[in-house]
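Chemist: Give me coordinates for this.
(2 chains)
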Amino acid sequence: MAINSRITMTEETIIKFIKQEIRKLSPDSSDLTSTTDIVTDIRLDSVAVMNLVFELEEEFDISIPLNSLTEVRTIQDLATLIEKEKNQD
Amino acid sequence: LRKKKIKIDIIEHMSSIFKKFDQLNTLHGAIVNQAGSDPVGARIDDISGTHATVHGHDCILMGSNNYLGLTFNKDAIDHASKALNDFGTGTTGSRAANGSYASHQSLEKVITDFYNMDHAILFTTGYQANVGFISAIAGHGDYVLIDSESHASIYDGCKLCDATVLRFKHNDPVDLEKRLRRLPADACKLVITEGIFSMRGDRAPLKDIVKAAKRYDAYIMVDEAHSLGVLGQNGRGLAEDEGVEDQVDFILGTFSKSVGTIGGFCVSNHPEIETLRFAARAYVFTASLPPAVVASAQTNLKRIKTDSTLRDKLWANTTLLYDSLKSLGFDVGPDKNPVIGIFMPNMTDGLKAWGHLLENNIYVNLALPPATPEGTCLLRCSVSAAHTTEQIETVIQKFSDLYPLLYPTQKVASGS
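Modeler: From the prediction side, this is the model:
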């Protein structure tokens, strides 16, 4: 794979991008932190979560397995998963 | 003697296991309130093919999935009645434990003949066919790639399997290919799509999906639940219609739509699928189809194979309704199919529209998130070959009356 700036992306940058995408889907969600629960705190339904995942996959050029998503509760969990998938590339 | 009700003791300090339902129950109450009747619990009485009493209204049925109108096929009823008398009301067990009735095996033969394939396995419902097949065939180290708008039974099959499950964007072969490219070349991959999607009523771009899948040596499964009996010169579905039957590894289907009864199946040229009879838990651990249902399915499948006039009538009705709704200005799905999804401006209007149509003796399905694409609310019509032209015209008129209620600022276009 070609070397690009995304490979060296830090977890902090990933979290920032996730928050930005969540705000697009749920404009009312202002106080987002890395421990915010994506489903219970922000109340994203399954369709919104799917669209969020598509955006993240597009941005980071990865495929996130559905099975791994069952473990994800918080923004931090999602960022960790993205990093893991990114490193597997 | 008066019946004494059994009272269950509720211990005060006990956490309620039902608490998780609170939100759903509140939502359901609001839905019933706004629609005027319960759209997800409609009571049907006095059904006669395309007519039924729904919630007390004498309705034209536009939400039945009875595409070929075969639920009242006299031959099927006669054969089912005979099977009922000869073999009883049920099998009372699974084929693995209690054994197969001869009619189970002959129905499997009817399916292989219908598809010109070598192996078919019956399941008790279409839902179980998907769950049983996917959970058994996709194991640890394998990859399953499913369309994001797949039916719940495909999702549930994936939940039960040990493979890594990836979702590609709806009907997007380019996105599928991107995901296939990232996977290990030597891993087993299974791509899953559907003939006609049950909500929008759109078709998979199967040729392109097959092309992408084959480029990466992936197996392909097509769920033809809504396309069996509907698409293809011989009614075999989208794979036949697109001329790719020789490249599709597994076809899954149901008898609960155009075949007019209940049951599911997997058909394939891979002899290895016979192992599903021991490996698919949804086959092994459930009772097999009752004899009367098997007889109905056999009779109706043979009719579908030999009588193309049903399909001709279905498509004439579909064209009339789809084109008219479109020209009236309704936001219908992108492809003309007997499943016609009509997108509503929002959920409140959708509920009102459903209630309005019911009050005016038209029964359609109401589809709400999360069952719908992109969180939309839609009314779903399913057209039948048994509908008369007059019935379809009545439905168009009722939708025409509905339009200004939904879009008061827009001018009503001419219907057909």
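Chemist: Enumerate every residue touching B:Thr389.
Modeler: Residues in contact with B:Thr389 (Cβ atoms under 8 Å, 6 or more residues apart in numbering or on different chains) are B:Ala316, B:Asn317, B:Leu320. (C-beta placed from N, C-alpha, C; glycine too.)
Chemist: give me that answer again for 10 Å
Modeler: B:Lys313, B:Ala316, B:Asn317, B:Leu320 (Cβ atoms under 10 Å, 6 or more residues apart in numbering or on different chains).
Chemist: okay but the last one is in contact with B:Thr394, surely?
Modeler: By that I understand B:Leu320. No - look at B:Leu320 against B:Thr394 with Cβ atoms under 10 Å: they stay out of range, at 11.7 Å.
Chemist: Pick out whichever of the two has more residues nearby.
Modeler: Neighbour count, other Cβ atoms under 10 Å in any protein chain shown: between B:Leu320 and B:Thr394, B:Leu320 has more, with 19 against 16.
Chemist: Quick one: list the elements packing against whichever strand or helix holds the more buried one.
Modeler: Using DSSP states H and E, B:Leu320 sits within helix B:309-328. For helix B:309-328, the packing partners by 3 or more Cβ pairs under 10 Å, 6 or more residues apart in numbering or on different chains; DSSP states H and E come out as helix B:291-306, strand B:331-332, strand B:339-343, strand B:378-382, helix B:389-406.
Chemist: Dump the ones you listed to TSV, plus mean pLDDT.
Modeler: Shown next, in TSV, are the helices and strands packed on helix B:309-328 (pLDDT from 0 to 100):
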stretch	mean pLDDT
helix B:291-306	98
strand B:331-332	96
strand B:339-343	96
strand B:378-382	96
helix B:389-406	97
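Chemist: Select, out of these, the one closest to A:Glu71.
Modeler: Of all the helices and strands packed on helix B:309-328, strand B:378-382 sits nearest to A:Glu71, with 32.3 Å by Cβ to Cβ.
Chemist: Just confirm yes or no for that closest one near chain A.
Modeler: No - Strand B:378-382 is not in contact with chain A by Cβ under 10 Å from any Cβ of the partner chain; minimum separation 13.2 Å.
Chemist: Please give me every residue in contact with B:Ile11.
Modeler: Applying Cβ under 10 Å, 6+ apart, we find B:Ile11 in contact with no residue.
Chemist: distance of it from B:Ser296?
Modeler: Relative to B:Ser296, B:Ile11 is positioned 49 Å away (Cβ to Cβ, to the nearest Å).
Chemist: Endpoints of stretch B:58-78, how far apart?
Modeler: This stretch, stretch B:58-78, spans 28 Å end to end (Cα to Cα, to the nearest Å).
Chemist: tell me which residues of it are tucked away?
Modeler: Using 16 or more other Cβ atoms under 10 Å in any protein chain shown as the test for burial, stretch B:58-78 gives B:59-71, B:73, B:76.
Chemist: again with stretch A:39-58
Modeler: The neighbour-count check on stretch A:39-58 (16+ other Cβ under 10 Å) flags A:41-42, A:44, A:47-57 as buried.
Chemist: Is there any residue in it that contacts chain B?
Modeler: Yes - Stretch A:39-58 lies within reach of chain B by Cβ under 10 Å from any Cβ, at A:Arg43, A:Asp45, A:Ser46, A:Val47, A:Ala48, A:Val49, A:Met50, A:Asn51, A:Val53, A:Phe54, A:Glu57, A:Glu58.
Chemist: OK, contacts around the fourth one?
Modeler: For A:Val47, the contacting residues are A:Leu25, B:Ser148, B:Glu149, B:Pro369, B:Pro370, B:Ala371, B:Thr372, B:Pro373, B:Glu374, B:Gly375, B:Thr376, taking Cβ under 10 Å, 6+ apart as the criterion.
Chemist: Can you say which helix or strand has it in it?
Modeler: Applying DSSP H and E, one finds A:Val47 within helix A:46-60.
Chemist: CA atoms only for the very next helix or strand once past that helix - export them in PDB, please.
Modeler: Next helix or strand after helix A:46-60 toward the C-terminus (DSSP H and E): helix A:66-69. This file holds the C-alpha atoms of helix A:66-69, laid out as PDB (Å, rounded to 0.1, in the frame of the first residue of the first chain):
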ATOM      1  CA  LEU A  66     -20.100  -6.300  11.800                       C
ATOM      2  CA  ASN A  67     -19.000  -8.800  14.500                       C
ATOM      3  CA  SER A  68     -16.500  -6.300  15.900                       C
ATOM      4  CA  LEU A  69     -19.200  -3.600  16.200                       C
END
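Chemist: rewinding a little: nearest to B:Asp22, of the buried residues of stretch A:39-58?
Modeler: Within the set of those, A:Asp41 lies nearest B:Asp22; the separation is 17.9 Å, counting by Cβ to Cβ.
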